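**Student:** Could you look at this predicted model? Sequence included:
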Amino acid sequence: PKETVALFSHVVTELTRGLDVPFGCGLRIDPRASLAVARAVGAAFVRVTYGVTAGTFGLSAESPGEILRYRERIGARNVQMFVNLSPHFATSLDTRPIAEIARTSYATTQADAIQVHGAGAGAAADLDVVREVRRALPNVPVIVASGVKVETLPQVLEAGDAVIVGSSLKQGGETWNPIDPERARAFMRRVREIRG
């Protein structure tokens, strides 16, 4: 609803005031609202899912052409789009091999990055799938977008190019808990060690 978009925009504006690093934003399962808010608040990227999926939130059908035209219409061409190949809490109804899905997703959308998820928040992605996507798209960043823990960082960053992390930084590693600053610091220390 419009009031959710308005409130989300306000919250993101307050939270990012003075922030000097790129950030993304997103309203769950609403790529147009995500793009509109990103454009309004200066976010660098959004995460989107194309195609037809079925899952916890019901059926979803998102056309890449419609979303890309919307992005153009609102002047958000500079907002990068990270495309989910395996959305949280849902299953793609596209049964083609994952490498083929990755290649056609990129070919039709020129995605800025491709994301591979596990089954839900905090669930690890299959690193063999991550490697397969990376082989299919060697020049496109592949993001491991769920289930990354400090202990698994070496394997994850060997398989993919980047991570999006949430649950493992929270108190007790629970998705809905607040961020645990020490867990976040330990995570970033390990990332810096791995990357040199």
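**Tutor:** Arrived safely.

**Student:** next structured bit after the helix or strand hosting A33?
**Tutor:** Take DSSP states H and E as the rule and A33 turns out to sit in helix 31-41. Downstream of helix 31-41, the first helix or strand assigned by DSSP H and E is strand 45-49.

**Student:** Which residues does that following strand contact?
**Tutor:** The contact list for strand 45-49, computed with Cβ atoms under 8 Å, 6 or more residues apart in numbering, reads 22, 24-26, 29, 31, 34-35, 38, 60, 62, 67, 79-84, 87, 90, 112-113, 115, 145, 164. Every C-beta, even on glycine, is put in place using the N, C-alpha and C of the backbone.

**Student:** Near Y50, how many other residues are there?
**Tutor:** 28 (other Cβ atoms under 10 Å).

**Student:** Just give the nearest non-adjacent residue to it, would you?
**Tutor:** P64 (4.6 Å; Cβ to Cβ, 6 or more residues apart in numbering).

**Student:** give me phi/psi at the one you found?
**Tutor:** When read as degrees, to the nearest 10, the backbone of P64 gives phi -60, psi -40.

**Student:** Contacts for the lowest-mean-pLDDT helix or strand in the chain next, please.
**Tutor:** For the chain, counting by mean pLDDT, DSSP states H and E, strand 90-92 ranks last in confidence among helices and strands (a mean of 82). Residues outside strand 90-92 that contact it (Cβ under 8 Å, 6+ apart) are 49, 51-57, 60, 85-86, 101.

**Student:** who does the host helix or strand of V83 pair up with?
**Tutor:** If you go by DSSP H and E, V83 is part of strand 80-84. The strands beside strand 80-84 in its sheet (DSSP bridges) come out as strand 45-49 (parallel), strand 113-116 (parallel).
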